[in-house]
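Trainee: Quick one: sequence plus predicted model below, questions after.
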Amino acid sequence: MPQPILTAAAMRDAETAAVAAGTTYAALMATAGKAVADTAARFALGRPILVLAGPGNNGGDGYVAASILAERGHDVIVAAHGDARSAEAIAARAAWQGQTIALADAEPRPILIDALFGTGLSRPLDADVATTLQSLVDAAEFSLAVDVPSGVDTDTGADLGAPHGLTATLALGAYKPAHLIEPAAGLCGHLFLADIGVPARGSWHVIARPQLVPPPRDAQKFTRGLVVVVAGAMPGAARLAARAAIHAGAGYVILAGADAGQPEAIVHKPLGDPADLAAILDDDRIGCVLIGPGLGRDDRASALLDIAVASRHPLVVDGDALTLLGREAPHRLAPRADIAMTPHAGEFARMFASADGKLLATLSAARAIDGVVVHKGPDTVVAAPDGRAAVQIERSSWLSTAGSGDTLAGILAARRATGVDFFGAAQQAVWFHTRAAKLAGPAFVADQLSHYLPAAIGECL
Ligand SMILES: NC(=O)C1=CN([C@@H]2O[C@H](COP(=O)(O)OP(=O)(O)OC[C@H]3O[C@@H](n4cnc5c(N)ncnc54)[C@H](OP(=O)(O)O)[C@@H]3O)[C@@H](O)[C@H]2O)[C@@H](O)CC1
Ligand SMILES: [K+]
C-alpha cells in the first residue's frame, strides 16, 4: 500500500484508535521522541544540540528526545516556550533533567531540534517567536523539525511564519498534507517518516512507483491502446503529446490535424473541417482522446472541443481546452463520464475556486466535473470525484520547462488507453513524467523526455 496522507484531525483519530487498541499516549510520545533522538543523533556527530520545546505534545516529543540524547552522552540544552499543557507533555518535561532556558534567551547551537509546534498549531506564529526560530535555524549547521516545521498549517500547507532553510523534517506516524503541498513542502527540507506504531489509513496517499505487467502474449497494437491526439493552432504541442503517448505504452497513436513528425510510427490524419474529427472518433477501438495542447482558443478550437466532449471515449482535457472551458467547465463537461483534466495553477484558477488549500480545492473540482483532476505543479495533486487523492512525493524542478505539460497529458492518455482507470492512470503518468525527467538529467528539453519513458516503464515491470 502507498503511504497514506492524514490531516491533523485524522492523525489524532488514528492515535485515539491506537490507544483504544491497547497502547497509551505516553507510549506513543516515547516512541515519537526516540525516533526524533535517533534521527538527530545520526546527524549530530557529537556537536552540541539545542531543542526548542513548545507547550503541546510536539514539545513533549522534544523533551523526550532531549532526555534520550543526553542519556546517550550528547550535550543538550532545551529552550522552552510556554508551559507544558497535556499530561504527557508535563510528564516529559518533568523527566528532563538537563538545562532549560527560555526561548527568548536561546543562543545558536550547531544542531537544532524544532519541537515548538506540530499538528496543533492553531494560528500564525507570534512575530518574536518566528524571528527567534529563523535566526536559530540560520545559525545551525543541521536543523530538524519534529513532525512538521513549526509555523505551517498541517492541512493546507500554508506558511504561518515557519522558518526557511530547515535541513530536514521527521514526519511522525504518517505524512500530512503540509509535507507534500507547497509552500510548506518546500520548507520541510529532506523528508523522513517515522513509524510510531499508529496504524494509519485514509483515502489520500502519496504517488508510489507503479507496478506494471508487459502486454499479454496475444496483444496487438489496437488492444495495447489506441490514442487520438487532436492538434490545433500550435501543432508542436500536440506532436509532443503524441510522441509521449507512443513512448508511454500506447500501441497506436493518431495525430489528428497536424503532420506527425517523428517518430514515423505516429499516424497523421488531416482535419479540414472540425466535423472531420467526428468521423475520426467514430471508432470503437479508440482507448483515449486527448484535446487541448496547442489547440488555440478560437471558434474552431471550441468546435473541436465540443466534438471531443460529445464522443464516447475516455477524454483528457488539457491546455487551451481548459482555458476555453473556464468557469463553464462543470457545465460543459456535465454530459461526460470518464474524463480527466490536467490544469496548472493558472488554468485551475480560471475554472475553480481555490479556497482551503490545494488538496481540498482539487477534490472539490473533481467532484464538480465528476472526473479526475490532475492539478499540476511541484506538488501535483491527483483527485477523484469519490474523495480519493494522491500527491506527488518524487519531484524534479527541471520539469518547469515548455512542453512539459503536453508530455504529461500524452502519457496520461496512453496509460488510460492501456485500460487503467483515470485515477490510476494519472498517478502512473505523474510518476513516469518525473522519473523520465530524472533519467534525462538537468536542463533537458521537453522533446527529450519521451525518450526516457521506456526506461522509466522498464523500472516498473
Ligand atoms: N497525541 C500524542 O500522544 C502524540 C502526539 N504527537 C505529537 O503531538 C503533536 C501534536 O500535539 P498537540 O496537539 O499538543 O499540538 P502542538 O502543535 O504540539 O501544540 C499545541 C499547543 O500550542 C498552542 N498553540 C497553537 N498555535 C499557537 C501559536 N501560534 N502560538 C502559541 N501557541 C500556539 C495551542 O494552544 P491553543 O491553540 O489551545 O490556544 C496548544 O497549547 C504532533 O505534531 C506530534 O509531534 C506524536 O508524537 C504522536 C503521539
Ligand atoms: K515542529
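Mentor: Okay, I see it. Numbering: from 1, shown residues only. Ligands and ions are numbered 1, 2, ... in the order given.
Trainee: And the residue of the stretch 151-300 of the chain that's closest to ligand 1?
Mentor: Residue nearest to ligand 1 within the stretch 151-300 of the chain (CB to the nearest ligand atom): residue 172, separated by 4.7 Å. The C-beta positions use only the backbone N, C-alpha and C, and glycine is treated the same way.
Trainee: So that residue versus residue 326, what's the distance?
Mentor: Separation of residue 172 from residue 326 (CB to CB, to the nearest Å): 42 Å.
Trainee: shaky segments in the stretch 101-250 of the chain?
Mentor: Of all residues in the stretch 101-250 of the chain, none has pLDDT under 70.
Trainee: Quick check: residues of it near ligand 1?
Mentor: 117-126, 146-147, 172-173, 196 (CB under 6 Å from any ligand atom).
Trainee: Contact residues of the stretch 101-250 of the chain facing ligand 2?
Mentor: Within the stretch 101-250 of the chain, the residues that sit near ligand 2 (CB under 5 Å from the ion) are 114, 145-146, 150.
Trainee: at 8 Å instead, please
Mentor: Counting by CB under 8 Å from the ion, the stretch 101-250 of the chain comes close to ligand 2 at 114-118, 145-150, 169.
Trainee: Could you check which residue of the stretch 301-450 of the chain lies nearest ligand 1?
Mentor: For the stretch 301-450 of the chain, CB to the nearest ligand atom, closest residue to ligand 1: residue 357, 17.6 Å.
Trainee: for that residue, what are its contacts?
Mentor: Neighbour list for residue 357: 153, 155-158, 177, 181 [criterion: CB atoms under 8 Å, 6 or more residues apart in numbering].
Trainee: hmm, back to that, neighbour count winner among residue 172 and residue 326?
Mentor: Taking neighbours as other CB atoms under 10 Å, residue 172 and residue 326 compare with residue 172 leading, 30 against 11.
Trainee: I figured the more buried one hits residue 197, correct?
Mentor: No - using CB atoms under 8 Å, residue 172 and residue 197 do not qualify as a contacting pair, with a distance of 10.6 Å.
Trainee: pLDDT weak spots in the stretch 251-400 of the chain?
Mentor: Those would be 260, if you go by pLDDT under 70 across the stretch 251-400 of the chain.
Trainee: Would you mind giving both backbone torsions of the residue lying farthest from the centre of the chain?
Mentor: Farthest-out residue of the chain from its mean C-alpha position, per CA atoms, centre = their mean: residue 97, at 41.2 Å. Per-residue torsions, residue 97: phi -100, psi -10 (degrees, to the nearest 10).
Trainee: try residue 252
Mentor: When read as degrees, to the nearest 10, the backbone of residue 252 gives phi -160, psi 130.
Trainee: Now for it: which residues touch it?
Mentor: The neighbourhood of residue 252, defined by CB under 8 Å, 6+ apart, consists of 221-222, 224-227, 267.
Trainee: Now list the buried members of the residues you listed.
Mentor: For these, a burial check counting by 16 or more other CB atoms under 10 Å picks out 224-227.
Trainee: now those as CSV including secondary structure?
Mentor: Formatted as CSV, the buried ones among the contacts of residue 252 follow (DSSP: H, G, I helix; E, B strand; the rest coil):
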residue, secondary structure
224, helix
225, coil
226, strand
227, strand
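Trainee: Closest one to residue 361 out of those residues, please.
Mentor: Proximity of those to residue 361 (CB to CB) peaks at residue 227, which lies at 29.0 Å.
Trainee: Pull the contacting residues for that closest one.
Mentor: When the contact criterion is CB under 8 Å, 6+ apart, the partners of residue 227 are 242, 245-246, 250, 252-254, 286-290, 410, 413-414, 417.
Trainee: beta partners for it?
Mentor: Residue 227 has these beta-bridge partners by DSSP bridges: residue 253, residue 288.
Trainee: Begin at 762 from now on, thanks
Mentor: Renumbered: residue one is now 762, and that last one reads residue 988.
Trainee: how near is it to ligand 2?
Mentor: Using CB to the ion, to the nearest Å, residue 988 is found at 46 Å from ligand 2.
Trainee: all strands of the stretch 762-911 of the chain, in order?
Mentor: 810-814, 837-841, 860-863, 872-876, 903-907 (DSSP state E, counting those that start in this stretch).
Trainee: Using JSON lines, please lay out these together with mean neighbour count.
Mentor: As requested, the strands of the stretch 762-911 of the chain are arranged in JSON lines below (neighbours: other CB atoms under 10 Å):
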{"stretch": "strand 810-814", "mean neighbour count": "29"}
{"stretch": "strand 837-841", "mean neighbour count": "23"}
{"stretch": "strand 860-863", "mean neighbour count": "12"}
{"stretch": "strand 872-876", "mean neighbour count": "28"}
{"stretch": "strand 903-907", "mean neighbour count": "28"}
